[in-house]
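1. Curious how this folds, go ahead:
(chains A and B)
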Amino acid sequence: MLKVHYRLSDGSSLTVTAVPGTSLMQLAVDQGVPGILGRCGGYCNCGTCHVYLDPAWAAALPAPSVEEDTLLSDCAAERRATSRLGCQVKLTQELDGITVTVPSRQEP
Amino acid sequence: MSEFAAAPLPAHVPPELVRPFPFIFGTDTDRDPYNEFARQVHQGPEIFYALHAYPGGTPAWIVRRTRDLREIYFDTGNFSSKDFSPFSKLTGDTWTNLPVEFDPPQHGIYRAFVNPLFTPKAMAKLEDSIRACAAEFIELFRAGGACEFMSQFAFEFPIKVFLQLMGLPLALTSQFLEWEMGLLHNHDLAKIAQATRSVVAYLRGEIAARRAHPTDDIISYAVKGEIEGRKLTDDELVGFTFNLFIGGLDTVSTNMGLQFCHLARHPEHQRQLRQHPDQIPDAIDELMRAYAAVTTFRTCTSEIVFKGVRMMPGDKVAMSTTLAARDPEEYERPDEVILDRKARHVSFGYGPHLCVGVHLARREMRIAMEEFLRRVPEFAIRPGHPIRYHLGMIQPVELPLVWKPA
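-> Residues are numbered from 1 along each chain as shown, chains lettered A, B, ... in the order given. Next up is the predicted model:
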């Protein structure tokens, strides 16, 4: 089991417990974390599971695929260096304690 | 005498699972497809076999649980999207709608090619032009205190937006509507074939024109673009453009018709959204949930047992988002429209084939609602007019609205 902290756009924070293997998007959807839509269910299609990783964690992950990278530039909220699509970030034990910030919008 | 009644049931289909599917493609009803038909179906088995479910009157398994639709949408290995659209076969042609009729892994390659055209940011660029378009339609009938919403707004507004997006002449609006009706509101196979030929001939002309003189528009993107290091073939270019044509016109019209039908019947919701237009995006989602209109199909490719039901290769499965919309195990009080419900739904599909036009469609619907509520006072359905619905895709046949004239 591992812990994930979601920082919401209203400033509040939600900590949820995850089983390794789920994605940041699926965990948010399953646990009712607001602000992450994941309309396509995790197929890197819709750009509605955009999150900002805390910089310390961002470096620890493999780089996005070309498809993810393309969509990240066109999400509703501005792209930052720490932007990722939540559906493409698989949680492993090494990511225990990761903090992600939920952008203010997923759909313009 | 119906030949279907005489045809023997396939051996693997238990007779007790044979039940009627109320949404018979190509028919009309004045009954309520949601509060009556869907509700009735949800009182029966979770999966059943309907003899006349598939267009043309052939059988299909009907799945009604939202979670089961999600599972099948994801399970592309056992449930294929191949060949679910009849158009090129009807004309003896070889193109395939892409990406909708492909399965992974080829699907992903095509979908990654199309996705950049319809991203949240790309569609945000259309805000002003979509708003101007909506306003233009509304101003034509606002002062008169009445409109037939389908023919005076819902059908043509998405076509105009589509033509602008594709860089095609707006003067083609009525031609596109005629083709759309021929392809999608028709059960005469010869007429569907004729409409298909006309649309494909037109699209081939536009493709050729952009080969000769490429611009920045969507057809040029496909002509100039590459997949797996090569240009798209003629068939792929037709499949790409035809998929866009059939994907985003009638579906948007139908959802707008159903949404405005609801608002016309629920003045309290009109009042709420007039006072709080910032609530419109969530309202659109809830209305799309409650009035899910589209049923697509999958074909089973293996012998499998799905939720206790044996399915064989070749079996059709109806993905009725209309039924999933009212699943009492998924939604509390499913027949109640709660504008800030914010629940997840499958009205745009789910999984790899999630509607690529989702951001465009939601924008069109939001702007239509914003502009209509801003410009038109409280409206109702013309008294004494019962609403009839096309079935297949659920669509109001006519929606006469009335309000206090200016």
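2. Got the confidence number for the residue nearest the centre of chain B?
-> Relative to the mean C-alpha position of chain B, the nearest C-alpha, by C-alpha atoms, centre = their mean, is the one of B:Thr251, at 3.3 Å. The predicted local distance difference test score for B:Thr251 is 97.
3. my read is it is in a helix, agree?
-> Yes. Following the definition DSSP: H, G, I helix; E, B strand; the rest coil, B:Thr251 is counted among the residues of a helix.
4. With adjacent residues omitted, what lies nearest to it?
-> Closest residue to B:Thr251 apart from its sequence neighbours, by C-beta to C-beta, 6 or more residues apart in numbering or on different chains: B:Val294 at 6.2 Å. C-beta coordinates here come from the backbone N, C-alpha and C atoms, glycine included.
5. How about the contacts made by the residue in the stretch 51-200 of chain B that chain A sits nearest to?
-> Using C-beta to the nearest C-beta, the single residue of the stretch 51-200 of chain B nearest to chain A is B:Thr119, 3.4 Å away. Contact criterion C-beta atoms under 8 Å, 6 or more residues apart in numbering or on different chains gives A:47, A:71, A:74-75, B:359 as the residues in contact with B:Thr119.
6. Most neighbours among these, which one is it?
-> Among these, A:Gly47 has the most neighbours (other C-beta atoms under 10 Å in any protein chain shown), with 30 neighbours.
7. From B:Tyr221, how far off is that residue?
-> Distance, A:Gly47 to B:Tyr221, by C-beta to C-beta, to the nearest Å: 18 Å.
8. picking up where we left off before, hmm, B:Ser347 and the residue nearest to B:Thr251 touching each other?
-> Yes. The pair formed by B:Val294 and B:Ser347 meets the contact definition of C-beta atoms under 8 Å, at 7.2 Å.
9. Give me the common contacts of those two.
-> By the contact definition C-beta under 8 Å, 6+ apart, B:Val294 and B:Ser347 are jointly contacted by B:Thr321.
10. Looking at the contacts of B:Thr119, which is nearest B:Pro104?
-> Of all the contacts of B:Thr119, the one sitting nearest B:Pro104 is A:Leu71; the distance, using C-beta to C-beta, is 17.5 Å.
11. Spatially nearest residue to that closest one (excluding sequence neighbours)?
-> Once its chain neighbours are removed from consideration, A:Leu71 has its nearest residue in A:Gly47; the separation is 4.5 Å (C-beta to C-beta, 6+ apart).
12. show me the contacts for the one you found.
-> By C-beta under 8 Å, 6+ apart, the residues touching A:Gly47 are A:71-72, A:74-76, A:85, A:106, B:119-120.
13. As JSON lines, those residues with distance to B:Val200 and pLDDT would be great.
-> Shown next, in JSON lines, are the contacts of A:Gly47 (distance: C-beta to C-beta, whole Å; pLDDT from 0 to 100):
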{"residue": "A:Leu71", "distance to B:Val200": "31", "pLDDT": "96"}
{"residue": "A:Leu72", "distance to B:Val200": "36", "pLDDT": "97"}
{"residue": "A:Asp74", "distance to B:Val200": "30", "pLDDT": "96"}
{"residue": "A:Cys75", "distance to B:Val200": "35", "pLDDT": "97"}
{"residue": "A:Ala76", "distance to B:Val200": "35", "pLDDT": "97"}
{"residue": "A:Leu85", "distance to B:Val200": "36", "pLDDT": "98"}
{"residue": "A:Gln106", "distance to B:Val200": "36", "pLDDT": "97"}
{"residue": "B:Thr119", "distance to B:Val200": "28", "pLDDT": "96"}
{"residue": "B:Pro120", "distance to B:Val200": "31", "pLDDT": "96"}
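14. These into JSON lines, with extra columns for secondary structure and distance to B:Leu203?
-> Converted to JSON lines, the contacts of A:Gly47 look like this (DSSP: H, G, I helix; E, B strand; the rest coil; distance: C-beta to C-beta, whole Å):
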{"residue": "A:Leu71", "secondary structure": "helix", "distance to B:Leu203": "27"}
{"residue": "A:Leu72", "secondary structure": "helix", "distance to B:Leu203": "32"}
{"residue": "A:Asp74", "secondary structure": "coil", "distance to B:Leu203": "26"}
{"residue": "A:Cys75", "secondary structure": "coil", "distance to B:Leu203": "31"}
{"residue": "A:Ala76", "secondary structure": "coil", "distance to B:Leu203": "31"}
{"residue": "A:Leu85", "secondary structure": "strand", "distance to B:Leu203": "32"}
{"residue": "A:Gln106", "secondary structure": "coil", "distance to B:Leu203": "33"}
{"residue": "B:Thr119", "secondary structure": "coil", "distance to B:Leu203": "23"}
{"residue": "B:Pro120", "secondary structure": "helix", "distance to B:Leu203": "27"}
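15. circling back: do you know how far the residue of the stretch 51-200 of chain B closest to chain A is from B:Ile394?
-> Taking C-beta to C-beta, one finds B:Thr119 at 29 Å from B:Ile394.
16. rewinding a little: kindly provide the distance from the residue nearest to A:Leu71 to B:Tyr389.
-> In this structure, A:Gly47 and B:Tyr389 are 33 Å apart, going by C-beta to C-beta.
17. Up against chain A, what does chain B have?
-> Of all the residues in chain B, those in contact range of chain A (C-beta under 8 Å from any C-beta of the partner chain) are B:70, B:73-74, B:108, B:111-112, B:115-116, B:119-124, B:127, B:281, B:344, B:348, B:350-352, B:354, B:356, B:358-359, B:362-363.
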